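J.: Mind folding the following:
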Amino acid sequence: MLLVRLAWLNLWRNRRRTLITGASVFFAVIMAIIMRASTLGIYDNLIHNFVSFSSGYLQVNQKGFHDEPSLDLAMVFSPGLIGILKEEGGITAVIPRMQSFVLAAGSGQAKGALFMGVVPSLEKQSTGLHRRLCAGSYPESDTAQVAMLGVDLASRLGLKPGDTVILIGQGYHAVTAAGKYRVSGLLQLGSPELNQRIVYLPLHCAQQLLDAPGMATSLALQIESPAKMEALARRLRPWIDTTQLELLTWKQLFPELDQFITADSAGHIIMSGVLYLVISFGLLGTLLMMARERTHEFGILVSLGLKRSRIAFMLLCESVFISLMGCSAGIASGWLLVRWFHLNPIPLGGRLKEMYLSYGIEPVISVSNRPDVFTVQAMVVLFISLALVFVPMVKVFQLQPVAALNS
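T.: Model prediction:
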């Protein structure tokens, strides 16, 4: 206990040295947190932008619909099924949607489009679809006879709010589906692919257009924590009639997106390894400097009869104190930085923006504020700093008192 108190007093006997060592740990934690938070933030933003406005993190649909997306496999969604899903903790919204493909026509132009029938009020509450409006107005009621188009699709068709879009396609059981609707607004979604091909229509109008009253092709489930998606899916499956329905995660719905993230993560793991290597050399240099400055002090302690093992233990205690202070300050500062950039994503421009758009990613740098971003990085840096302290401890055991006193 006496050595622990002595180690604590030693920290403040030379504050400059303590601050330099603590600062190296502090900045190491900050760099590790920012790098990991930005990486996870890009992935989370990509997933959120892609799945929130299409399938949801979890989707319930008629069995076989995902493999063969035909309106003949639409389902009648009942309040009972929605009630069962809502009773399970972790689900924030159950959103019925009608998905199909139509030919959208404007002023002399036509293009194939992804047709999505939604409940405007539910989308406004759960996905914030109204915040993606870049022109025009959001439907005021769930039965309004209006359409919303992706901004790039509207540009291709030569349409603007107030114009009329004509939709032609195949309805339920191969009936002819055709209708014209006033364009109420244009949407700027996070996915460039959706901006080029999406048409939103209130679900009631979509059911009338496709001659499928009371039906939907899927139920999109919005969840509280995407990190717990797999566990939530396992809990929900026993409550669903799996002979007729199936519950799919976004990874099953979009395997290409999952594979892209997995492959890209490998590169970021290598970059993280390089960062930790740089951090290790920086910390090692600081610790060796600290030990070398105290060579004369250690020589005096050994000459007075203090065992080398006790000096090494005192060094370990000092390193623990400095590392804990540096990691704590790094976590607090990292949280403030991550919180700021989480609420204020950084927009990209120039070639970097074009590269992001080519991959179908919204051109912003958004950071993740998951708790493990802070704890895991701080624990890694703490482990590195405590492991490196054994190098100066070895120097203590190799110390020659006479040479140390003359240094």
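J.: Which neighbouring elements make contact with the helix or strand hosting residue 260?
T.: Counting by DSSP states H and E, the element that carries residue 260 is helix 255-293. Identification of packing neighbours for helix 255-293 by 3 or more CB pairs under 8 Å, 6 or more residues apart in numbering; DSSP states H and E yields helix 15-51, helix 250-253, helix 371-388, helix 390-397. (Glycine included, C-beta is placed from N, CA and C.)
J.: list the buried ones in the last one?
T.: Applying a neighbour-count criterion of 16 or more other CB atoms under 10 Å, one finds 392, 393, 395, 396 buried in helix 390-397.
J.: for the second one, same thing?
T.: Neighbour counts over helix 250-253 (16+ other CB under 10 Å) mark 250, 251, 253 as buried.
J.: for that helix, what is the average pLDDT?
T.: Summarised as a single mean, pLDDT over helix 250-253 is 84.
J.: do stretch 332-346 as well
T.: 87.
J.: so how far is it from its chain's centroid?
T.: In terms of CA atoms, centre = their mean, to the nearest Å, the centre of stretch 332-346 is set 14 Å apart from its chain centre.
J.: Show me how far the host helix or strand of residue 3 is from its chain's centre.
T.: Assigned by DSSP H and E, residue 3 belongs to helix 2-13. Averaging C-alpha positions (CA atoms, centre = their mean) puts helix 2-13 43 Å from its chain's average.
J.: what's that helix packed up against?
T.: helix 308-343.
J.: Output the contacting helices and strands for the helix it packs on.
T.: Checking 3+ CB pairs under 8 Å, 6+ apart, helix 308-343 ends up next to helix 2-13, helix 15-51, helix 295-303, helix 371-388, helix 390-397.
J.: State the distance from the residue nearest to residue 393 when sequence neighbours are not counted to residue 371.
T.: Spatially, and ignoring its direct neighbours in sequence, residue 393 is nearest to residue 312 (4.2 Å; CB to CB, 6 or more residues apart in numbering). Applying CB to CB, to the nearest Å, the value for residue 312 to residue 371 is 35 Å.
J.: who's more crowded, these two?
T.: residue 312 (19 against 9; other CB atoms under 10 Å).
J.: which stretches of the stretch 251-400 of the chain have low pLDDT?
T.: 357-362 (pLDDT under 70).
J.: circling back to that earlier point, between the helices and strands packed on helix 255-293, which one is closest to residue 182.
T.: helix 15-51 (26.9 Å; CB to CB).
J.: what packs against that closest one?
T.: Using 3+ CB pairs under 8 Å, 6+ apart, helix 15-51 sits against helix 250-253, helix 255-293, helix 308-343, strand 364-365, helix 371-388.
J.: for the record, mean pLDDT for the helix or strand just after it?
T.: Per DSSP H and E, the first helix or strand lying C-terminal to helix 15-51 is strand 58-62. In this model, strand 58-62 has a mean pLDDT of 85.
J.: Strand 58-62 pairs with which strands?
T.: Within its sheet, and counting by DSSP bridges, strand 58-62 is paired with strand 218-223 (antiparallel), strand 245-249 (antiparallel).
J.: Quick check: residue 133 vs residue 364, distance?
T.: Taking CB to CB, one finds residue 133 at 18 Å from residue 364.
J.: hang on, the earlier thing: quick check, the residue nearest to residue 393 in contact with residue 395.
T.: No: here residue 312 does not reach residue 395: they are 9.3 Å apart, not a contact under CB atoms under 8 Å.
J.: Of all the residues in the lengthiest strand in the chain, which ones are buried?
T.: In the chain, assigned by DSSP state E, the strand with the most residues is strand 91-105. Of the residues in strand 91-105, 91, 93, 94, 95, 96, 97, 98, 99, 100, 102, 104, 105 count as buried by neighbour count, 16+ other CB under 10 Å.
J.: now stretch 48-65
T.: By neighbour count on 16+ other CB under 10 Å, the buried set for stretch 48-65 is 48-62, 65.
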